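Asks: A predicted structure for the sequence below; I have some questions about it.
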Amino acid sequence: MSRKGLILFAATSLIWGSSFLFIRVAVQDITPATVVFGRTLLGAAILVPLALRTRAFRGLGSKMLVVTVVTLLDMALPTFLTAWGEQHITSSAAGILTATDPLFTALLALWLIRAEAVSRTQFLGLVIGFAGVVALLGIGFSGGAGEFLGAAAVLLSALGYAASGLLYRRWLADAPALGVTALMTAISSAIFLVPALADLPHRLPGGDSITALVVLGVVNTGIAYWLFYALIDEAGAATASVITYVMPVVALGLGVAVLGEDLTVGAVLGLILIGAGAWLATAHRPGGRPPPEPPKSLGAKNLPGA
């Protein structure tokens, strides 16, 4: 990888990995619906003009139904579920649980596509990965109902990312990635406009929460996607997809270092097992067909909490 590619990779990994920290700070004073609305509206303010300038909306008129479904699965609902979940669990736990996305992708692909039999490596990866989830929940959590509900919400968001990725590859693989992403942010903000208005706080949120929300929208959404597309152009989609495995490490490190979250045995064990399991479950087995290239506008799972 070139020096420019390394810089883009490091910057994008750090920005998207920090999303869980900023979500955790934002939801202290701002409701999840408002977080989704504010984040996607600010992201759209950056991405829509870029898409217009590069004519990235061309040909998307006939694909609006698919784009809307992908938006719900990949951005609107996962962003809300992660924000809601982080009201109950730590940012580091949310980052680690989001890393189950490749595991769900492998499960859905094997179930829906059935292009080939499950290899031993894939099966082992699925077992190891979901054992990591069990380890995180069983060792790293205190056992409160709120924690488990929050974890379930984040796992549902990861399932949404996986489902949207399969739909994207089937129906939007040839669509301009920037145009799709810009539409997704605009549609998400429109979906959450009314819920956000209904959830407006009675007093002005704290400065930390407002700052976190602005950073989520401008940096972690608008600028991050621009950097991600630049990384794909520089180093290729396969290299860019590795960010999926780096994000939870960044989330764990920032959660412990900045927010003072506990570095539990369950978190470390869960991170290792989920990462290893996801890698094995999506690995190309000798003699088989290579896995499809990750969709360009969803490579970071894009709005973690992308």
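Replies: Structure's in. What do you need?

Asks: helices or strands up against the worst-scoring helix or strand of the chain on mean pLDDT?
Replies: In the chain, no helix or strand scores lower on mean pLDDT, DSSP states H and E than helix 237-240, which sits at a mean of 83. Counting contacts by 3 or more CB pairs under 8 Å, 6 or more residues apart in numbering; DSSP states H and E, helix 237-240 packs against helix 3-17, helix 224-235. In short, each C-beta sits where N, CA and C put it, glycine included.

Asks: recalculate using a threshold of 7 Å.
Replies: Under the contact criterion of 3 or more CB pairs under 7 Å, 6 or more residues apart in numbering; DSSP states H and E, helix 237-240 touches helix 224-235.

Asks: list the buried residues in the helix it packs on.
Replies: Of the residues in helix 224-235, A224, Y225, W226, L227, F228, Y229, A230, L231, I232, E234, A235 count as buried by neighbour count, 16 or more other CB atoms under 10 Å.

Asks: leaving out the residues flanking it, which one is nearest to the first one?
Replies: The shortest distance from A224 to any residue other than its chain neighbours is 4.6 Å, reached at I15 (CB to CB, 6 or more residues apart in numbering).

Asks: how about the one you found, what does it touch?
Replies: By CB atoms under 7 Å, 6 or more residues apart in numbering, the residues touching I15 are V219, N220, A224.

Asks: max-length helix in this structure?
Replies: Ranked by residue count and defined by DSSP state H, the top helix of the chain is helix 145-171.

Asks: thinking again about what came up before, just give me how far the least confident helix or strand of the chain sits from the chain centre.
Replies: Here helix 237-240 is found 16 Å from its chain centre; the criterion is CA atoms, centre = their mean, to the nearest Å.

Asks: and if you look at stretch 122-129?
Replies: Per CA atoms, centre = their mean, the centroid offset for stretch 122-129 relative to its chain is 21 Å.

Asks: what is the burial count for D74?
Replies: Here the number of neighbours of D74 (other CB atoms under 10 Å) works out to 30.

Asks: once you drop chain neighbours, what's closest to it?
Replies: Nearest non-adjacent residue to D74, counting by CB to CB, 6+ apart: S164, 3.5 Å away.

Asks: for F80, see how far away the residue nearest to L73 when sequence neighbours are not counted is.
Replies: Closest residue in space to L73, ignoring its immediate chain neighbours: S164 at 3.8 Å, by CB to CB, 6+ apart. Relative to F80, S164 is positioned 14 Å away (CB to CB, to the nearest Å).

Asks: who's more crowded, the two?
Replies: More crowded of S164 and F80, by other CB under 10 Å: S164, with 27 against 23.

Asks: where does pLDDT dip in the stretch 151-300 of the chain?
Replies: Residue ranges of the stretch 151-300 of the chain with pLDDT under 70: 284-300.

Asks: run through the strands of it in chain order.
Replies: With strands called from DSSP state E, counting those that start in this stretch, the stretch 151-300 of the chain shows none.

Asks: how far away is the closest residue to L107 other than its chain neighbours from G144?
Replies: Distance criterion CB to CB, 6+ apart; nearest residue to L107, sequence neighbours excluded, is L126 at 6.7 Å. L126 sits at a distance of 28 Å from G144 (criterion: CB to CB).

Asks: check A33 too.
Replies: Applying CB to CB, the value for A33 to G144 is 23 Å.

Asks: between these two, who's got more neighbours?
Replies: A33 (21 against 11).

Asks: for the strand or helix carrying T82, which outside residues touch it?
Replies: Assigning secondary structure by DSSP states H and E places T82 in helix 77-85. Counting contacts by CB under 7 Å, 6+ apart, the residues outside helix 77-85 that touch it are 23, 27, 32-33, 35-36, 39, 94, 150-151, 153-154, 156-157, 160-161, 188, 303, 305.

Asks: if we use 6 Å, what do you get?
Replies: 23, 27, 32, 35-36, 94, 150, 153-154, 156-157, 160-161, 303, 305 (CB atoms under 6 Å, 6 or more residues apart in numbering).

Asks: which SS state does the residue nearest to L107 fall under?
Replies: Look at L126: counting by DSSP: H, G, I helix; E, B strand; the rest coil, its state is helix.

Asks: which one is V242 nearest to, not counting chain neighbours?
Replies: Nearest one to V242, counting by CB to CB, 6+ apart, is F9 at 7.7 Å.

Asks: ok, now L97?
Replies: Using CB to CB, 6+ apart, the closest residue to L97 is V154 (4.4 Å).

Asks: so what's the residue count around the one you found?
Replies: Using other CB under 10 Å, V154 has 27 neighbouring residues.

Asks: tell me who's in contact with it.
Replies: V154 makes contact with T82, G85, A94, L97, according to CB under 6 Å, 6+ apart.

Asks: same check on Y245?
Replies: Residues in contact with Y245 (CB under 6 Å, 6+ apart) are G275.
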